[in-house]
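Novice: Sequence and predicted model, in that order:
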Amino acid sequence: MAFILPVNNIEPSFGKNCFIAPNATIVGDVVCGDDCSFWFNAVIRGDVNSIRLGNKVNIQDGAVIHCTYQKTTTDLGNNVSVGHNAIVHGSKVHDNVLIGMGAIIMDNCEIGSNSIIAAGAVLTEGTIVPSGCIYAGVPAKKVKDISQELIHGEINRIANNYLMYSTWFK
């Protein structure tokens with residue numbers, strides 16, 4: 001059974017049709033929309049500040065979502081995919097974003113809509129990613145503008161696939 005715990009009498013809240021893997025950990029001030037999925041060994045810690053997730057967000061295996069005590073919250077928009085073992089810490093992610101496997105998003109970053117953060121990329125504190133870009137590297141930098149094919153072929157495809165995968169476990 002998933003590890004879902006209140007912190008300071010604040011319990012996580014889930015929208016309709018969410019999947020939570022049996023070993024996912026979700027604690028504290030976490031509010032998510034509909035059609036979200038939390039995969040194996042994912043950790044979403046709303047213990048020190050709030051975490052908000054829109055609709056159709058998938059937090060893949062081993063990913064960590066956290067924030068900083070009395071300083072930063074974490075907000076993920078709609079149709080966001082957080083890849084395996086990625087870390088999103090104290091940042092704002094707008095709609096239709098793919099965060100690649102192993103990427104690290106530090107405090108006070110903001111990722112614009114229709115963007116991709118490449119696998120292994122590190123967004124240093126305060127990085128602003130404009131809408132419609134691909135960022136890659138350590139530290140991450142813009143590598144190119146995103147095409148409509150990537151928005152539909154990667155960002156939407158992955159989000160839709162994870163919604164489908166979640167039905168396999170229900």
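Specialist: The structure has been received and is ready for your questions.
Novice: List the contacts of the closest residue to Phe169 other than its chain neighbours.
Specialist: Nearest non-adjacent residue to Phe169, counting by CB to CB, 6 or more residues apart in numbering: Phe19, 5.9 Å away. All C-beta atoms are positioned from the backbone trio N, CA, C, and that covers glycine. For Phe19, the contacting residues are Cys36, Ser37, Phe38, Ser166, Phe169, Lys170, by CB atoms under 8 Å, 6 or more residues apart in numbering.
Novice: Could you point out the helix or strand that follows the helix-or-strand element of the chain with minimal mean pLDDT?
Specialist: Lowest by mean pLDDT, DSSP states H and E among the helices and strands of the chain is helix 148-150, with a mean of 85. Elements were assigned by DSSP states H and E; along the chain past helix 148-150, the next helix or strand is helix 157-167.
Novice: List the buried residues for that following helix?
Specialist: Residues Ile158, Ala159, Tyr162, Leu163, Ser166 are the ones in helix 157-167 that count as buried (16 or more other CB atoms under 10 Å).
Novice: Mind giving me the packing neighbours of it?
Specialist: Where contact means 3 or more CB pairs under 8 Å, 6 or more residues apart in numbering; DSSP states H and E, helix 157-167 is packed against strand 37-38, strand 58-59, strand 80-82.
Novice: repeat that with 10 Å
Specialist: strand 19-20, strand 37-38, strand 58-59, strand 80-82, strand 97-99 (3 or more CB pairs under 10 Å, 6 or more residues apart in numbering; DSSP states H and E).
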